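J.: Below are the sequence and a predicted model for it; my questions follow.
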Amino acid sequence: MAKAIGIDLGTTNSCMAAMVGSEIVVIPNAEGGRTTPSVVAFTKNGERLVGDLAKRQAAVNTDGTVASIKRQMGTDYRFKRNGKKYTPQEISAMILSKLKKDAESYLGDTVNDAVITVPAYFTDAQRQATKDAGRIAGLNVLRIINEPTAAAFAYGLVNGMEQKILVYDLGGGTFDVSVIEIGDNLIEVLATAGDNHLGGDDFDARIVDYLVAEFKRQERVDIRKDVTAMQRVREEAEKAKKTLSSATTAMINIPYLAVGKDGPKHMDLTLTRAKFDELTADLVDRTAGPVQQALADAGITSSQLTKVLLVGGSTRIPAVQAKVKMLTGLEPSKNVNPDECVASGAAIQAEKLSGQLIVGSTASEMILMDVTPLTLSIETVGGVATPLIRRNTTIPAKYSQIFTTAGNFQKSVDIKVLQGERRFAKDNKLLGEFRLDGIKKALAGVPQIEVTFEIDANGIVTVSAKDLGTGKAQQITITSSSNMSEEEIEQAIRDAKEYEAADGERKEFIDIRNEAEQYLSQVSPQIEEAKKTSDKKDYKNAKACWSELNKRVCKCNPEKMTAMEAGEIRDAKEKLEEAVSRLR
């Protein structure tokens, strides 16, 4: 039976998990890692790399490597490579495709369904983009759920007593905080807040800026325009950040980083935790506002919290943990793995929504109630944003309100759908707009137009408008102009399938070449030993066949192999095998 998995599609790293029997299992990738770098690379010869392989070659292929694509979800950003433009959804789909393939290999079963997590503060456009990425990757996305909620779900499964917890989620690119109440088989999100542009990447950037400035001061060389050197510094900055989570100093050694007038220049610097805390103090302070807002929206004080859960790799930073303790008065809980708990919670939901959970189990009986993170409004006269669904409303939700016309004998009205907390439309994000035609002619203020907002369990919005006088209606599911059209999604699905087939064929060709190369090494000593004992003609034939196969293997570029070359290598190998079998 096909499995359903939970996926934490992260900014810097992604993680996947599944329910195996009654246990949650974090699924390792093909390289053996429990998390997979959210990195995609395109080599000059057209090969596509994802995960660890892409990250390892980033320093020598900076222009062809894309990381932290999650920060671009729901925008009109395009990554250009080899004459083609890729949307954030397509890049994310490449990461999801690898996760799907690795999960199928580990579980020994097909994976069709998935629950994918997103930051709680993701907008409608970002959620829709994430769902589209899953679809392009060949996944049926059962649900899009918030990362803090997924973490709380995993925690609540084994800590089901009544309590109010705060989930502080600082990942690679985003920050979320949610106040969640755990009750009798119920996990209810009371409030959520956050910052979609605050995460580990920003902490890395501060270290990079410091190292580059110090290198320039000491060596009189500015490397900012050297993309390869900058990538090497970024990689070391990330390592230093991780080191400083457990040590008070980190050594940064990068040989041959640049060349000056007097020869090669090497970076050899020491970064202390105190200096790191100084460089990033304002980033840590930025998390205070969302924490205070979430508590206020939930209608509680920090003294009413039972527990604080830390989620996301960046919460390992000591200054972050100290900030959390200062804000809440509680020592953050260490009984969940910050890198894996989100995927684990998503896996429980995936199993439940696919109908595969054991009936009567604790997980099958738990109910999850999430909220919408931002207020949804429409633009009314004077450019005012008139709210219909306020932030932190429990979803799914539906709400209607009656509006009227502003001018005499209006035949149509434009409905502009907004998301955000500002009073005026121009200051909020425009999600989409549509026109309601066919309104009955009347003086201003007479027609009655019912506008209905509906948010599904994924947090995705549908808006409808109806003239109650004529019965004319119009409806749209919000898709941001920066997102992909249905035709573009279908084309991306076809492209992904074609690439997968081509990738499989290329691997088959490379395997043929590698097996031939290995066989050449294996039989070479055997042929030389047979020189004295075998028939001279058989020996010469074997030697000639060995040379022919070796020539074809050496001539062939494994990255650009054709079916013809693979066939020629296979035939030459068979001839050599036959020749070797005649030797005595």
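T.: Yes, it's here. Numbers count the residues shown, from 1 in each chain.
J.: Going by C-alpha atoms from here, please, whenever you check contacts or count neighbours.
T.: Fine.
J.: Verify the contact between V413 and T405 for me.
T.: Yes - contact criterion Cα atoms under 8 Å: V413 and T405 qualify, at 7.5 Å.
J.: So for those two, which sits in the more crowded spot?
T.: Here V413 and T405 are compared on neighbour count by other Cα atoms under 10 Å; more neighbours surround T405, at 21 against 17.
J.: quick one: pLDDT of the more buried one?
T.: T405 is assigned 75 on the pLDDT scale.
J.: got a list of what it touches?
T.: 413, 444-448 (Cα atoms under 8 Å, 6 or more residues apart in numbering).
J.: Out of those, which is nearest to K216?
T.: Distance to K216 across the contacts of T405 (Cα to Cα) is lowest for V413, with 59.6 Å.
J.: elements contacting the host helix or strand of the closest one?
T.: For V413, the enclosing helix or strand under DSSP states H and E is strand 412-419. Judged by 3 or more Cα pairs under 8 Å, 6 or more residues apart in numbering; DSSP states H and E, strand 412-419 is in contact with strand 376-380, strand 429-437.
J.: So what touches stretch 304-317?
T.: 148, 151, 163-172, 199-200, 241-242, 244-245, 320-321, 328, 330-334, 336-339, 341-342.
J.: what about burial for these, which qualify?
T.: Buried members of those, counted by 16 or more other Cα atoms under 10 Å: 148, 151, 163-172, 199-200, 241-242, 244-245, 320-321, 328, 330, 332, 336, 338-339, 341-342.
J.: any low-confidence regions in the stretch 101-250 of the chain?
T.: Counting by pLDDT under 70, the ranges of the stretch 101-250 of the chain that qualify are 157-160.
J.: what about 80?
T.: 156-161, 184-185 (pLDDT under 80).
J.: mind listing the helices for this protein?
T.: 52-56, 88-107, 124-136, 147-158, 200-219, 227-243, 273-285, 288-298, 318-328, 341-353, 362-365, 486-529, 536-555, 563-581 (DSSP state H).
J.: dump the residue contacts of P387.
T.: P387 touches 375-378, counting by Cα under 8 Å, 6+ apart.
J.: Pipe the residues you listed into a markdown table and attach distance to K551 per row.
T.: Listed next are the contacts of P387 as a markdown table, based on distance: Cα to Cα, whole Å:
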| residue | distance to K551 |
| --- | --- |
| T375 | 68 |
| L376 | 67 |
| S377 | 70 |
| I378 | 70 |
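J.: Under the pLDDT cut-off, which ranges of the stretch 351-500 of the chain? List them.
T.: 355-368, 404-407, 410, 413, 432-440, 444-445, 459, 474-500.
J.: can you give me how far the longest strand seen in the chain is from the chain middle?
T.: Assignment by DSSP state E gives strand 249-260 as the longest strand of the chain. Distance, stretch centre to chain centre, for strand 249-260: 31 Å (Cα atoms, centre = their mean, to the nearest Å).
J.: buried ones in that strand?
T.: 249-250, 252, 254, 257-258.
J.: Out of those residues, give me the two with the largest separation.
T.: Spanning the widest gap among the buried residues of strand 249-260 are T249 and A258, at 24.4 Å by Cα to Cα.
J.: returning to that earlier point: which among the contacts of P387 gets closest to V208?
T.: Nearest to V208 among the contacts of P387, with distances taken as Cα to Cα, is T375, at 36.7 Å.
J.: Quick one: residues contacting that closest one.
T.: Counted by Cα under 8 Å, 6+ apart, T375 has contacts 387-392, 419-421.
J.: quick one: it from G382, how far?
T.: 19 Å (Cα to Cα, to the nearest Å).
J.: do M73 as well
T.: Taken as Cα to Cα, the span from M73 to G382 is 31 Å.
J.: Ok, G289 next?
T.: Taken as Cα to Cα, the span from G289 to G382 is 31 Å.
J.: who has more neighbours, these two?
T.: Remark: of G289 and G382, G289 carries more neighbours, 12 against 8, as counted by other Cα under 10 Å.
J.: how much space between that one and D176?
T.: Applying Cα to Cα to G289 and D176 gives a distance of 11 Å.
J.: And S412, by the same measure?
T.: Distance from S412 to D176, by Cα to Cα: 40 Å.
J.: Neighbour count for these two, which is higher?
T.: D176 (29 against 15).
J.: Name whatever forms a beta bridge with the more buried one.
T.: D169, G194 (DSSP bridges).
J.: cool, and M267?
T.: I254.
J.: how about it, what does it touch?
T.: Going by Cα under 8 Å, 6+ apart, M267 touches 215, 252-257.
J.: same deal with T130?
T.: With Cα under 8 Å, 6+ apart, T130 has these contacts: 73, 89, 92, 116, 118.
J.: now swap in L279 and tell me
T.: Counting by Cα under 8 Å, 6+ apart, L279 has contacts 206-207.
J.: Against A319, how distant is it?
T.: 11 Å.
J.: Please apply the same query to C15.
T.: Distance, C15 to A319, using Cα to Cα: 25 Å.
J.: Neighbour count for these two, which is higher?
T.: Higher neighbour count among C15 and A319: C15, with 26 against 20, using other Cα under 10 Å.
J.: count of neighbours near E487?
T.: Residues near E487, counting by other Cα under 10 Å: 9.
J.: circling back to that earlier point, dump the contacts of T375 to JSON lines, plus distance to E181.
T.: Output for the contacts of T375, formatted as JSON lines (distance: Cα to Cα, whole Å):
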{"residue": "P387", "distance to E181": "26"}
{"residue": "L388", "distance to E181": "25"}
{"residue": "I389", "distance to E181": "22"}
{"residue": "R390", "distance to E181": "20"}
{"residue": "R391", "distance to E181": "17"}
{"residue": "N392", "distance to E181": "14"}
{"residue": "Q419", "distance to E181": "26"}
{"residue": "G420", "distance to E181": "25"}
{"residue": "E421", "distance to E181": "24"}
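J.: quick one: which of the residues you listed is nearest K543?
T.: Q419 (74.4 Å).
J.: Return the residues in contact with that closest one.
T.: By Cα under 8 Å, 6+ apart, the neighbours of Q419 are 123, 374-377, 428-431.
J.: From A296, how far off is it?
T.: From Q419 to A296 the distance is 20 Å (Cα to Cα).
J.: Distance from stretch 283-298 to the middle of the chain?
T.: Relative to the centre of its chain, stretch 283-298 is centred 24 Å away, using Cα atoms, centre = their mean.
J.: How about stretch 373-387?
T.: 30 Å.
J.: Could you report the distance from D109 to G420?
T.: 43 Å.
J.: For those two, indicate the residue with more neighbours.
T.: The residue with more neighbours, out of D109 and G420, is G420; 21 against 12, by other Cα under 10 Å.
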